[in-house]
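J.: give me a 3D structure for the following:
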Amino acid sequence: MMRRVAVASHRTVSHHTVSLRLVGWSVLVGVLGGAVVSAFRWLLARGLETVQWWYWGLPNHLWQIVPAIAGCLVVSAVIAGLIASQPLIKGSGIPDVERRLRGPSALSFPWWDVLWKKFIGGILAIGPGAFAGREGPSIQLGACVGMGLSDRTATTRRFRRELVAAGAAAGLAAAFNAPVAAVLFVAEEVYGRFSLQIGMSSFAAALASDAVAQQVFGLAPVFRFPTLAAPGLGEYGALAVLAVALGLGAWAYAWTVLRSDRWYVRCHIPVWLRAAVPLLLTMPVGLWHPVLLGGGNALINALGGSGYALPIVAGFLAVRFVVSQITYGSGSPGGIFLPILTLGALVGAVCGGVLGDLGWAGRPSIVPILIVAGMSGLFGAVSKAPLTAVVLVAEMTSFGVLMPLAFVTFIAYIIYDVLGGRPIYEALGGPAPIRP
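T.: Alright, predicted model coming up:
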(Lines give C-alpha, C1' and ligand atoms only; values in the text may rest on other atoms or scores of the structure.)
Protein backbone atom coordinates (compact mmCIF):
# COMPACT_ATOMS: atom_id res chain seq x y z
CA MET A 1 0.00 0.00 0.00
CA MET A 2 2.76 2.41 0.97
CA ARG A 3 4.57 1.53 -2.25
CA ARG A 4 1.49 2.44 -4.33
CA VAL A 5 1.14 5.79 -2.55
CA ALA A 6 4.82 6.52 -3.13
CA VAL A 7 4.54 5.66 -6.85
CA ALA A 8 1.42 7.82 -7.22
CA SER A 9 3.14 10.69 -5.41
CA HIS A 10 6.19 10.31 -7.62
CA ARG A 11 4.04 10.43 -10.75
CA THR A 12 2.25 13.55 -9.55
CA VAL A 13 5.51 15.33 -8.81
CA SER A 14 7.05 14.22 -12.11
CA HIS A 15 4.04 15.48 -14.04
CA HIS A 16 4.51 18.98 -12.64
CA THR A 17 8.29 19.06 -12.64
CA VAL A 18 9.99 21.09 -15.36
CA SER A 19 12.39 19.14 -17.57
CA LEU A 20 15.87 20.54 -17.06
CA ARG A 21 16.78 19.14 -20.46
CA LEU A 22 13.98 21.18 -22.04
CA VAL A 23 15.04 24.32 -20.16
CA GLY A 24 18.65 23.86 -21.25
CA TRP A 25 17.73 23.46 -24.90
CA SER A 26 15.30 26.39 -24.63
CA VAL A 27 18.05 28.66 -23.31
CA LEU A 28 20.19 27.69 -26.30
CA VAL A 29 17.25 28.41 -28.62
CA GLY A 30 16.88 31.79 -26.92
CA VAL A 31 20.55 32.70 -27.30
CA LEU A 32 20.74 31.71 -30.97
CA GLY A 33 17.27 33.07 -31.79
CA GLY A 34 18.10 36.30 -29.99
CA ALA A 35 21.30 36.67 -32.00
CA VAL A 36 19.53 36.07 -35.33
CA VAL A 37 16.63 38.41 -34.56
CA SER A 38 18.91 41.09 -33.08
CA ALA A 39 20.93 41.06 -36.30
CA PHE A 40 17.68 41.30 -38.29
CA ARG A 41 16.42 44.16 -36.12
CA TRP A 42 19.75 46.02 -36.25
CA LEU A 43 19.98 45.83 -40.04
CA LEU A 44 16.40 47.05 -40.40
CA ALA A 45 17.07 49.98 -38.08
CA ARG A 46 20.23 50.99 -39.96
CA GLY A 47 18.42 50.62 -43.28
CA LEU A 48 15.53 52.82 -42.15
CA GLU A 49 17.91 55.47 -40.77
CA THR A 50 19.70 55.55 -44.12
CA VAL A 51 16.46 55.80 -46.06
CA GLN A 52 15.12 58.60 -43.85
CA TRP A 53 18.40 60.50 -44.20
CA TRP A 54 18.12 60.09 -47.98
CA TYR A 55 14.57 61.45 -48.03
CA TRP A 56 15.49 64.48 -45.92
CA GLY A 57 18.02 65.48 -48.61
CA LEU A 58 16.04 64.32 -51.63
CA PRO A 59 14.35 67.68 -52.41
CA ASN A 60 17.79 68.98 -53.38
CA HIS A 61 18.56 65.93 -55.58
CA LEU A 62 15.27 64.95 -57.20
CA TRP A 63 17.10 63.21 -60.06
CA GLN A 64 17.88 60.40 -57.60
CA ILE A 65 14.24 59.27 -57.76
CA VAL A 66 14.87 57.61 -61.14
CA PRO A 67 17.55 55.14 -59.93
CA ALA A 68 15.50 54.63 -56.74
CA ILE A 69 12.48 53.51 -58.79
CA ALA A 70 14.70 51.15 -60.76
CA GLY A 71 16.06 49.80 -57.48
CA CYS A 72 12.52 49.15 -56.21
CA LEU A 73 11.73 47.12 -59.32
CA VAL A 74 14.89 45.03 -58.89
CA VAL A 75 14.17 44.45 -55.20
CA SER A 76 10.60 43.46 -56.04
CA ALA A 77 11.80 40.87 -58.55
CA VAL A 78 14.26 39.42 -56.01
CA ILE A 79 11.55 39.18 -53.33
CA ALA A 80 9.19 37.50 -55.79
CA GLY A 81 11.93 35.00 -56.64
CA LEU A 82 12.50 34.21 -52.97
CA ILE A 83 8.77 33.72 -52.37
CA ALA A 84 8.43 31.53 -55.46
CA SER A 85 11.24 29.30 -54.21
CA GLN A 86 9.90 29.21 -50.64
CA PRO A 87 6.23 30.29 -50.22
CA LEU A 88 6.43 30.00 -46.41
CA ILE A 89 8.32 33.30 -46.19
CA LYS A 90 5.33 35.33 -47.41
CA GLY A 91 3.71 37.91 -45.17
CA SER A 92 3.98 37.94 -41.41
CA GLY A 93 4.90 34.33 -40.68
CA ILE A 94 2.93 34.23 -37.44
CA PRO A 95 -0.12 32.47 -38.95
CA ASP A 96 2.13 29.70 -40.30
CA VAL A 97 3.84 29.18 -36.92
CA GLU A 98 0.43 29.21 -35.21
CA ARG A 99 -1.00 26.64 -37.61
CA ARG A 100 1.93 24.29 -37.09
CA LEU A 101 1.91 24.52 -33.31
CA ARG A 102 -1.85 24.05 -33.03
CA GLY A 103 -2.35 21.49 -35.79
CA PRO A 104 -2.21 17.71 -35.41
CA SER A 105 0.06 17.23 -38.42
CA ALA A 106 3.82 16.75 -38.29
CA LEU A 107 5.66 19.85 -37.19
CA SER A 108 8.70 19.55 -39.46
CA PHE A 109 9.29 22.18 -42.11
CA PRO A 110 12.34 23.32 -44.14
CA TRP A 111 13.59 25.56 -41.37
CA TRP A 112 16.93 26.53 -42.89
CA ASP A 113 15.42 27.48 -46.24
CA VAL A 114 12.74 29.54 -44.50
CA LEU A 115 15.23 31.14 -42.11
CA TRP A 116 17.72 32.58 -44.56
CA LYS A 117 15.16 33.52 -47.20
CA LYS A 118 12.88 35.20 -44.63
CA PHE A 119 15.88 37.08 -43.24
CA ILE A 120 16.98 38.41 -46.63
CA GLY A 121 13.43 38.91 -47.92
CA GLY A 122 12.48 40.81 -44.77
CA ILE A 123 15.47 43.11 -45.04
CA LEU A 124 14.70 43.84 -48.69
CA ALA A 125 10.97 44.33 -48.11
CA ILE A 126 11.00 46.32 -44.84
CA GLY A 127 14.41 48.02 -44.91
CA PRO A 128 13.54 50.61 -47.61
CA GLY A 129 10.82 52.03 -45.36
CA ALA A 130 7.76 49.89 -46.13
CA PHE A 131 4.89 50.04 -43.64
CA ALA A 132 5.53 46.57 -42.24
CA GLY A 133 6.76 45.30 -38.89
CA ARG A 134 9.75 43.24 -37.81
CA GLU A 135 7.90 41.19 -35.19
CA GLY A 136 6.15 38.68 -37.49
CA PRO A 137 9.34 37.75 -39.33
CA SER A 138 11.18 37.74 -35.98
CA ILE A 139 8.75 35.19 -34.54
CA GLN A 140 9.10 33.00 -37.62
CA LEU A 141 12.90 33.32 -37.54
CA GLY A 142 12.91 32.28 -33.88
CA ALA A 143 10.62 29.33 -34.64
CA CYS A 144 13.03 28.24 -37.37
CA VAL A 145 15.89 28.26 -34.86
CA GLY A 146 13.78 26.14 -32.50
CA MET A 147 12.98 23.71 -35.31
CA GLY A 148 16.62 23.52 -36.34
CA LEU A 149 17.84 22.71 -32.84
CA SER A 150 15.06 20.20 -32.28
CA ASP A 151 16.37 18.33 -35.34
CA ARG A 152 19.65 17.91 -33.45
CA THR A 153 17.98 16.04 -30.59
CA ALA A 154 16.69 12.49 -30.53
CA THR A 155 13.37 13.48 -29.10
CA THR A 156 9.57 13.32 -29.28
CA ARG A 157 7.18 15.38 -31.38
CA ARG A 158 6.03 17.12 -28.19
CA PHE A 159 9.60 18.16 -27.37
CA ARG A 160 9.98 19.59 -30.88
CA ARG A 161 6.76 21.53 -30.48
CA GLU A 162 7.99 23.00 -27.20
CA LEU A 163 11.29 24.11 -28.75
CA VAL A 164 9.52 25.71 -31.72
CA ALA A 165 7.24 27.57 -29.29
CA ALA A 166 10.34 28.62 -27.34
CA GLY A 167 11.86 29.93 -30.56
CA ALA A 168 8.73 31.95 -31.33
CA ALA A 169 8.89 33.52 -27.87
CA ALA A 170 12.59 34.25 -28.33
CA GLY A 171 11.85 36.02 -31.61
CA LEU A 172 9.24 38.34 -30.12
CA ALA A 173 11.34 39.01 -27.00
CA ALA A 174 14.30 40.13 -29.12
CA ALA A 175 12.11 42.16 -31.48
CA PHE A 176 10.59 44.30 -28.71
CA ASN A 177 12.67 43.65 -25.57
CA ALA A 178 9.49 42.25 -24.02
CA PRO A 179 10.11 38.74 -22.61
CA VAL A 180 6.98 38.51 -20.44
CA ALA A 181 4.69 39.57 -23.29
CA ALA A 182 6.48 37.09 -25.55
CA VAL A 183 5.54 34.21 -23.25
CA LEU A 184 1.95 35.43 -23.03
CA PHE A 185 1.68 35.83 -26.79
CA VAL A 186 2.85 32.27 -27.40
CA ALA A 187 0.39 30.88 -24.84
CA GLU A 188 -2.53 33.20 -25.64
CA GLU A 189 -2.30 33.52 -29.41
CA VAL A 190 0.27 31.26 -31.10
CA TYR A 191 -0.12 28.00 -29.17
CA GLY A 192 -3.68 28.72 -28.02
CA ARG A 193 -3.37 27.28 -24.51
CA PHE A 194 -0.98 27.25 -21.58
CA SER A 195 0.96 24.28 -20.28
CA LEU A 196 3.79 24.14 -17.77
CA GLN A 197 6.27 22.83 -20.32
CA ILE A 198 5.36 25.37 -23.01
CA GLY A 199 5.36 28.18 -20.45
CA MET A 200 8.77 27.34 -18.98
CA SER A 201 10.44 26.61 -22.32
CA SER A 202 9.10 29.90 -23.73
CA PHE A 203 10.09 31.83 -20.61
CA ALA A 204 13.64 30.43 -20.60
CA ALA A 205 14.09 31.20 -24.29
CA ALA A 206 12.54 34.68 -24.00
CA LEU A 207 14.79 35.66 -21.09
CA ALA A 208 17.90 34.40 -22.87
CA SER A 209 16.90 36.13 -26.09
CA ASP A 210 16.14 39.40 -24.30
CA ALA A 211 19.55 39.27 -22.61
CA VAL A 212 21.19 38.99 -26.03
CA ALA A 213 19.08 41.84 -27.45
CA GLN A 214 19.93 44.08 -24.50
CA GLN A 215 23.61 43.73 -25.33
CA VAL A 216 22.88 45.19 -28.75
CA PHE A 217 20.11 47.72 -28.08
CA GLY A 218 20.57 48.57 -24.39
CA LEU A 219 18.06 48.70 -21.57
CA ALA A 220 15.97 51.68 -22.72
CA PRO A 221 12.29 50.91 -23.51
CA VAL A 222 11.33 50.71 -27.16
CA PHE A 223 8.93 53.66 -26.85
CA ARG A 224 9.84 56.72 -24.79
CA PHE A 225 7.18 59.03 -23.33
CA PRO A 226 8.82 61.43 -20.85
CA THR A 227 5.48 62.91 -19.70
CA LEU A 228 3.60 59.62 -19.35
CA ALA A 229 1.49 59.62 -16.18
CA ALA A 230 -1.50 57.61 -15.00
CA PRO A 231 -4.84 59.41 -15.51
CA GLY A 232 -7.13 60.48 -12.70
CA LEU A 233 -10.53 58.87 -12.25
CA GLY A 234 -12.23 61.84 -13.87
CA GLU A 235 -10.27 61.22 -17.08
CA TYR A 236 -11.50 57.67 -17.64
CA GLY A 237 -14.38 59.09 -19.67
CA ALA A 238 -11.86 60.10 -22.35
CA LEU A 239 -10.37 56.62 -22.18
CA ALA A 240 -13.81 55.07 -22.66
CA VAL A 241 -14.40 57.17 -25.77
CA LEU A 242 -11.03 56.05 -27.09
CA ALA A 243 -11.87 52.40 -26.36
CA VAL A 244 -15.08 52.60 -28.39
CA ALA A 245 -13.20 54.15 -31.31
CA LEU A 246 -10.57 51.41 -31.08
CA GLY A 247 -13.16 48.62 -31.08
CA LEU A 248 -14.75 50.00 -34.24
CA GLY A 249 -11.32 50.64 -35.76
CA ALA A 250 -10.27 47.07 -35.01
CA TRP A 251 -13.22 45.72 -36.98
CA ALA A 252 -12.44 48.05 -39.91
CA TYR A 253 -8.78 47.04 -39.87
CA ALA A 254 -9.51 43.30 -39.81
CA TRP A 255 -12.16 43.54 -42.53
CA THR A 256 -9.74 45.45 -44.77
CA VAL A 257 -6.57 43.42 -44.20
CA LEU A 258 -8.36 40.14 -44.92
CA ARG A 259 -9.21 41.52 -48.36
CA SER A 260 -6.00 43.44 -48.99
CA ASP A 261 -4.68 41.07 -51.68
CA ARG A 262 -7.78 41.40 -53.87
CA TRP A 263 -6.73 44.80 -55.19
CA TYR A 264 -3.62 43.28 -56.76
CA VAL A 265 -5.71 40.61 -58.46
CA ARG A 266 -8.30 43.06 -59.78
CA CYS A 267 -5.58 45.37 -61.11
CA HIS A 268 -3.81 42.40 -62.76
CA ILE A 269 -0.49 43.34 -61.20
CA PRO A 270 2.05 40.58 -61.97
CA VAL A 271 3.54 38.67 -59.07
CA TRP A 272 7.08 39.95 -59.61
CA LEU A 273 5.87 43.57 -59.42
CA ARG A 274 3.69 43.35 -56.31
CA ALA A 275 6.47 43.99 -53.78
CA ALA A 276 7.38 47.16 -55.69
CA VAL A 277 3.94 48.74 -55.14
CA PRO A 278 4.32 49.47 -51.40
CA LEU A 279 7.96 50.46 -51.89
CA LEU A 280 7.01 52.97 -54.59
CA LEU A 281 4.22 54.32 -52.38
CA THR A 282 6.78 55.11 -49.67
CA MET A 283 8.42 57.68 -51.98
CA PRO A 284 5.76 60.41 -51.83
CA VAL A 285 5.29 59.59 -48.14
CA GLY A 286 9.02 59.93 -47.52
CA LEU A 287 9.10 63.25 -49.35
CA TRP A 288 6.19 64.49 -47.21
CA HIS A 289 7.44 63.30 -43.82
CA PRO A 290 10.22 60.66 -43.50
CA VAL A 291 9.29 59.86 -39.89
CA LEU A 292 6.18 58.11 -41.23
CA LEU A 293 8.29 55.42 -42.89
CA GLY A 294 8.93 51.93 -41.54
CA GLY A 295 7.03 49.90 -38.97
CA GLY A 296 6.28 52.94 -36.83
CA ASN A 297 8.81 53.14 -33.98
CA ALA A 298 10.03 56.61 -34.88
CA LEU A 299 6.51 57.92 -35.45
CA ILE A 300 5.20 56.65 -32.10
CA ASN A 301 8.10 58.25 -30.27
CA ALA A 302 7.54 61.48 -32.21
CA LEU A 303 3.84 61.56 -31.29
CA GLY A 304 4.65 61.59 -27.59
CA GLY A 305 6.15 65.06 -27.54
CA SER A 306 5.83 66.60 -30.99
CA GLY A 307 2.68 68.69 -30.66
CA TYR A 308 1.46 67.83 -34.18
CA ALA A 309 -1.74 69.65 -35.14
CA LEU A 310 -4.89 67.52 -35.29
CA PRO A 311 -5.27 67.68 -39.13
CA ILE A 312 -1.68 66.48 -39.54
CA VAL A 313 -2.16 63.54 -37.17
CA ALA A 314 -5.41 62.62 -38.90
CA GLY A 315 -3.54 62.67 -42.22
CA PHE A 316 -0.86 60.42 -40.73
CA LEU A 317 -3.57 57.98 -39.63
CA ALA A 318 -5.22 57.87 -43.07
CA VAL A 319 -1.92 57.36 -44.90
CA ARG A 320 -0.67 54.70 -42.49
CA PHE A 321 -3.96 52.78 -42.65
CA VAL A 322 -4.15 52.67 -46.45
CA VAL A 323 -0.48 52.00 -47.17
CA SER A 324 -0.20 49.38 -44.40
CA GLN A 325 -3.04 47.41 -46.00
CA ILE A 326 -1.51 47.67 -49.46
CA THR A 327 1.81 46.55 -48.04
CA TYR A 328 0.41 43.42 -46.42
CA GLY A 329 -1.68 42.59 -49.48
CA SER A 330 1.46 42.48 -51.64
CA GLY A 331 2.59 39.31 -49.87
CA SER A 332 6.04 40.74 -49.09
CA PRO A 333 7.77 39.39 -45.97
CA GLY A 334 6.73 41.67 -43.11
CA GLY A 335 4.47 41.78 -40.08
CA ILE A 336 1.30 43.61 -39.09
CA PHE A 337 2.02 43.62 -35.35
CA LEU A 338 3.97 46.90 -35.19
CA PRO A 339 1.82 48.64 -37.84
CA ILE A 340 -1.24 47.83 -35.69
CA LEU A 341 0.46 49.36 -32.64
CA THR A 342 1.26 52.44 -34.74
CA LEU A 343 -2.31 52.79 -35.95
CA GLY A 344 -3.54 52.46 -32.37
CA ALA A 345 -1.15 55.20 -31.26
CA LEU A 346 -2.43 57.46 -34.05
CA VAL A 347 -6.06 56.77 -33.09
CA GLY A 348 -5.14 57.76 -29.53
CA ALA A 349 -3.48 60.96 -30.73
CA VAL A 350 -6.46 61.88 -32.93
CA CYS A 351 -8.88 61.12 -30.10
CA GLY A 352 -6.83 63.31 -27.76
CA GLY A 353 -6.88 66.15 -30.28
CA VAL A 354 -10.64 65.94 -30.87
CA LEU A 355 -11.50 65.70 -27.18
CA GLY A 356 -9.08 68.51 -26.43
CA ASP A 357 -10.76 70.79 -28.99
CA LEU A 358 -14.13 69.93 -27.41
CA GLY A 359 -12.78 70.57 -23.92
CA TRP A 360 -13.43 66.97 -22.80
CA ALA A 361 -9.89 65.63 -22.55
CA GLY A 362 -8.95 67.10 -19.19
CA ARG A 363 -5.32 68.09 -18.79
CA PRO A 364 -3.17 68.30 -21.97
CA SER A 365 -0.75 65.72 -20.55
CA ILE A 366 -3.42 63.01 -20.94
CA VAL A 367 -2.57 62.74 -24.66
CA PRO A 368 0.48 60.46 -24.12
CA ILE A 369 -1.61 58.00 -22.11
CA LEU A 370 -4.24 58.01 -24.89
CA ILE A 371 -1.48 57.20 -27.39
CA VAL A 372 -0.14 54.35 -25.26
CA ALA A 373 -3.63 53.01 -24.50
CA GLY A 374 -4.43 53.20 -28.21
CA MET A 375 -1.58 50.81 -28.97
CA SER A 376 -2.76 48.30 -26.39
CA GLY A 377 -6.45 48.60 -27.21
CA LEU A 378 -6.21 48.19 -30.97
CA PHE A 379 -3.78 45.27 -30.87
CA GLY A 380 -5.60 43.57 -28.00
CA ALA A 381 -8.87 43.72 -29.92
CA VAL A 382 -7.61 42.75 -33.38
CA SER A 383 -5.49 39.86 -32.11
CA LYS A 384 -7.97 38.88 -29.37
CA ALA A 385 -4.96 38.61 -27.09
CA PRO A 386 -5.74 41.33 -24.52
CA LEU A 387 -3.34 40.15 -21.81
CA THR A 388 -0.46 40.10 -24.27
CA ALA A 389 -1.36 43.57 -25.52
CA VAL A 390 -1.49 45.12 -22.05
CA VAL A 391 1.76 43.55 -20.85
CA LEU A 392 3.56 44.17 -24.14
CA VAL A 393 2.78 47.88 -24.24
CA ALA A 394 3.58 48.22 -20.53
CA GLU A 395 6.95 46.52 -21.07
CA MET A 396 7.70 48.89 -23.94
CA THR A 397 6.61 52.03 -22.06
CA SER A 398 5.88 51.88 -18.31
CA PHE A 399 4.21 49.45 -15.91
CA GLY A 400 2.79 52.45 -14.06
CA VAL A 401 -0.08 52.68 -16.55
CA LEU A 402 -1.38 49.09 -16.40
CA MET A 403 -4.85 50.09 -15.17
CA PRO A 404 -5.76 52.48 -18.02
CA LEU A 405 -4.28 50.05 -20.56
CA ALA A 406 -6.39 47.20 -19.20
CA PHE A 407 -9.51 49.42 -19.09
CA VAL A 408 -9.22 50.52 -22.72
CA THR A 409 -8.18 47.10 -24.03
CA PHE A 410 -11.07 45.34 -22.30
CA ILE A 411 -13.73 47.67 -23.76
CA ALA A 412 -12.16 47.63 -27.25
CA TYR A 413 -12.02 43.82 -27.14
CA ILE A 414 -15.69 43.54 -26.16
CA ILE A 415 -16.81 45.84 -28.98
CA TYR A 416 -14.71 43.98 -31.57
CA ASP A 417 -16.07 40.66 -30.33
CA VAL A 418 -19.68 41.87 -30.46
CA LEU A 419 -19.11 42.95 -34.05
CA GLY A 420 -18.06 39.38 -34.87
CA GLY A 421 -14.36 40.02 -35.20
CA ARG A 422 -12.06 36.99 -35.26
CA PRO A 423 -8.45 36.83 -34.03
CA ILE A 424 -6.56 38.34 -36.94
CA TYR A 425 -3.83 35.70 -37.18
CA GLU A 426 -6.37 32.90 -37.01
CA ALA A 427 -8.49 34.63 -39.64
CA LEU A 428 -5.52 34.99 -41.94
CA GLY A 429 -5.13 31.23 -41.61
CA GLY A 430 -1.51 31.16 -42.68
CA PRO A 431 0.25 33.16 -45.39
CA ALA A 432 -2.32 34.09 -48.03
CA PRO A 433 -1.33 32.67 -51.42
CA ILE A 434 -0.32 35.03 -54.19
CA ARG A 435 -2.92 34.65 -56.88
CA PRO A 436 -2.06 34.80 -60.54
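
J.: now the strands for the stretch 201-350 of the chain?
T.: Counting by DSSP state E, counting those that start in this stretch, no segments of the stretch 201-350 of the chain form strands.

J.: can you pull out the helices in it?
T.: For the stretch 201-350 of the chain, the helices defined by DSSP state H, counting those that start in this stretch occupy 236-257, 262-266, 271-274, 276-288, 297-305, 310-329, 337-358.

J.: give me the pLDDT value at residue 289.
T.: If you check residue 289, the pLDDT there is 89.

J.: distance of it from residue 189?
T.: Counting by CB to CB, to the nearest Å, the separation of residue 289 from residue 189 is 32 Å. Backbone N, C-alpha and C define where each C-beta goes, glycine included.

J.: quick one on the thing from earlier: closest to residue 227 out of the helices of the stretch 201-350 of the chain?
T.: helix 297-305 (6.9 Å; CB to CB).

J.: can you list contacts of that closest one?
T.: With CB atoms under 8 Å, 6 or more residues apart in numbering as the test, helix 297-305 has contacts from 48, 52, 222-228, 291-292, 308, 313, 316, 320, 338, 341-342, 345-346, 349, 368, 371, 375.

J.: just the buried residues of those.
T.: Listed as buried from the contacts of helix 297-305 are 48, 52, 222-223, 225, 228, 291-292, 308, 313, 316, 320, 338, 341-342, 345-346, 349, 368, 371, 375; burial here means 16 or more other CB atoms under 10 Å.

J.: excluding covalently adjacent residues, which one is nearest to the residue most central in space within the chain?
T.: Nearest to the mean C-alpha position of the chain, by CA atoms, centre = their mean, lies residue 337 at 2.6 Å. Nearest non-adjacent residue to residue 337, counting by CB to CB, 6 or more residues apart in numbering: residue 135, 3.9 Å away.

J.: pretty sure that neighbour contacts residue 335?
T.: Yes: here residue 135 reaches residue 335: they are 4.8 Å apart, a contact under CB atoms under 8 Å.

J.: next one: residue 181 from residue 125, what distance?
T.: Going from residue 181 to residue 125 by CB to CB gives 25 Å.

J.: also residue 420?
T.: Counting by CB to CB, the separation of residue 420 from residue 125 is 31 Å.

J.: still on that earlier bit, out of residue 135 and residue 335, which sits in the busier spot?
T.: It is residue 135, of residue 135 and residue 335, that has more neighbours when counted by other CB atoms under 10 Å, with 31 against 25.

J.: need the contact list for the more buried one.
T.: The neighbourhood of residue 135, defined by CB under 8 Å, 6+ apart, consists of 171-172, 175-176, 335, 337-338.

J.: same thing with residue 282?
T.: 128-131, 293, 323.

J.: biggest separation within these, which pair?
T.: Largest separation among the contacts of residue 282 by CB to CB: 128 and 323, giving 13.0 Å.

J.: outline the domain layout of the chain.
T.: With domains defined by automatic domain parsing, the chain comprises 20-217, 233-428.

J.: what is the end-to-end distance of the first one?
T.: Distance between the two ends of domain 20-217: 30 Å, counting by CA to CA, to the nearest Å.

J.: mean confidence for that domain?
T.: On average, domain 20-217 scores 89.

J.: mind starting the numbering at 20 from now?
T.: Noted, 20 is the first residue going forward, which turns the last one into domain 39-236.

J.: still on that earlier bit, among residue 439 and residue 144, which residue is more densely surrounded?
T.: Higher neighbour count among residue 439 and residue 144: residue 144, with 28 against 9, using other CB under 10 Å.

J.: the more buried one - nearest residue in space that isn't next to it in sequence?
T.: If the residues on either side of it in the chain are set aside, residue 144 comes closest to residue 351, at 3.9 Å by CB to CB, 6+ apart.
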